[in-house]
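# A predicted structure for the sequence below; I have some questions about it.
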Amino acid sequence: MKTQITMSAPDITSQEISAVVEVLESSSLSIGPRLERFEAEFARYHGLTKAAGVSSGTAGLQLCMIASGVGEGDFVLTTPFSFIASSNCILYQRAIPVFVDIDPETGNMNPALAVEAIEAFAAGNHERQAWLPRALCSTANGKTVGSGALKAVVMVHAFGQPCEMTPVLAAAHRFGMHVIEDACEAIGAEYRGQKAGTFGDAAVFAFYPNKQMTTGEGGMIVYRREEWDPLFRSLRNQGRDIFDAWLNHSRLGYNYRLDEMSAALGLVQLQRLEELLAKRARVAAWYGEHLKGMPLLKPLAFSPTTTRMSWFVYIIRLSPEIDRDRLMARLDEQGIPTRPYFAPIHLQAFYREKFHYRPGDFPQAETAGRTFLALPFHGKMSEEQVATVCDALKKELPHAASRKRTPVYLDHAHAQAASLST
């Protein structure tokens, strides 16, 4: 008989259920008082005064691109090793993602390379050529493709660990570029004692059911700029401004509203956030103990600047001789789900076709794409379940050793299985 262990699970109590039922018994289901309170309390948690609830983390990232003035032909620096929304939000503006390879120990953007890329774009057209996608290193109708400016940097805090912020922030600010934090996986994480999401011009959080806290679907933007507050509220609500009459719209907008049921759920989850984070940290500690000394794998490394990890997933790094697909299949036969996190963005079919990326373009991201594996992880796991996963790993790892290398891009089935919503 298979062991029944889930990959992830939301932590919902009677408090959340009662809060949602209370909304359903009211007359206010869309934007209303609970959303206003959720926004205020979320901003306060981060030591800020401004927050805007949106329908997803993806929506929040797109609105940050608009607020940053990113437009057709512009460039935005980001990582190729992330959930695809952190790059797609750039394409929605007809701008061009410029990828920077990762630190293989943490999975986050390599800060030295990021600074180098920022300085190259600031120096001029010739210097930036080395950073452009292959498809843009030619001309179209006699005009260089993508002749805009480097407008912003999207820094993704992967797996709940903050990026190395200080050098990238300094370089971006020196050249007048916006910094947007993709903190969709990192609520409560801290860099040098300061909360992730409070360093850049804005930050985006996501509340999908596998996140540290959930609203079902939904996201939140936090920001310091006063002038962005009415803009975000207008953009999420079909372009209406607060002074607009009913059915008058001042700009092109979207239906990115967060409903009252989601806000009510989020309020309770936010009040329980420290409890939720502590539960996940306890499960991570159990994994650390049970995996200690196990051959053929290593846990994800912590940067010394990470003063608090916010555990989104539990990642292990497999030795190169492990056939990850074989290992996943053998574990699945025992009722233990696992996921490859992430498939490098530049090797996704759309990006390969549009920008002519090839294997080898970002070797560290590709190695991570072959060797990183997420284990079952959520705050309701017991130590017995963690031990079951680790015992199965110890048993199956030798059987998965092979000279065969797992592809750096996923087949359709694995791509579906690895889907992460923000």
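That came through fine.

# can you give me the domain assignment for the chain?
Structural domains annotated on the chain: 14-271, 273-417, as defined by automatic domain parsing.

# mean pLDDT lowest where, among those?
Note on those: domain 273-417 shows the lowest mean pLDDT, a mean of 92.

# so which bits of stretch 210-230 are buried?
Residues of stretch 210-230 classed as buried by neighbour count (16 or more other C-beta atoms under 10 Å): 210-215, 217-223, 228. Using the backbone N, CA and C atoms, a C-beta is placed for each residue, glycine as well.

# which single one of those residues is nearest to Ala149?
Proximity of the buried residues of stretch 210-230 to Ala149 was ranked by C-beta to C-beta; the top entry is Trp228 with 19.5 Å.

# about what we covered before: out of the domains of the chain, which is closest to Ile5?
Minimum separation from Ile5 across the domains of the chain (C-beta to C-beta) falls at domain 273-417, 4.9 Å.

# okay if I get the domains of the chain as TSV plus distance to Ile5?
Listed next are the domains of the chain as TSV, based on distance: least, C-beta to C-beta, whole Å:
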stretch	distance to Ile5
domain 14-271	14
domain 273-417	5
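
# centroid residue for the chain?
By C-alpha atoms, centre = their mean, the chain has its centre lying nearest to Cys184, at 4.6 Å.

# how about stretch 362-378: buried residues?
For stretch 362-378, a neighbour-count test (16+ other C-beta under 10 Å) marks 362, 364-378 as buried.

# now, which of these lie within helices?
Under the assignment DSSP state H, the buried residues of stretch 362-378 contribute 364-371 to helices.

# nearest to Leu252 among the residues you listed?
Nearest to Leu252 among these is Ala365, at 33.9 Å by C-beta to C-beta.

# am I right that that closest one is in contact with Tyr341?
No: with contacts counted by C-beta atoms under 8 Å, Ala365 stays clear of Tyr341, the gap being 11.9 Å.

# thought Asp259 was touching Arg34?
No: using C-beta under 8 Å, Asp259 is not in contact with Arg34, being 9.2 Å away.

# so which of those two has more stuff around it?
Each of Asp259 and Arg34 has its neighbours counted (other C-beta atoms under 10 Å); Arg34 has more, 25 against 22.

# which residues does that one contact?
By C-beta atoms under 8 Å, 6 or more residues apart in numbering, Arg34 lies in contact with 23, 28, 260, 263-264, 267.

# swap in 6 Å and give it another go.
Going by C-beta atoms under 6 Å, 6 or more residues apart in numbering, Arg34 touches 260, 263-264.

# I'd guess it is in a strand, am I close?
No: the assignment for Arg34 (DSSP: H, G, I helix; E, B strand; the rest coil) gives helix, which keeps it out of a strand.

# how close does it sit to Gln238?
Using C-beta to C-beta, to the nearest Å, Arg34 is found at 21 Å from Gln238.

# ok, now Arg330?
The value you get for Arg330 to Gln238, if C-beta to C-beta is used, is 50 Å.

# please apply the same query to Leu291.
Taking C-beta to C-beta as the measure, Leu291 falls 49 Å from Gln238.

# picking that back up, ok, the contacts of Arg34 vs Gln15, which is closest?
Nearest to Gln15 out of the contacts of Arg34 is Ala264 (C-beta to C-beta; 10.2 Å).

# that's a helix at Lys298, yeah?
No: assignment of Lys298 by three-state DSSP gives strand, placing it outside any helix.

# quick check: closest non-adjacent residue to it.
The shortest distance from Lys298 to any non-neighbouring residue, by C-beta to C-beta, 6 or more residues apart in numbering, is to Arg317 (4.8 Å).

# I appreciate the help and will end here.
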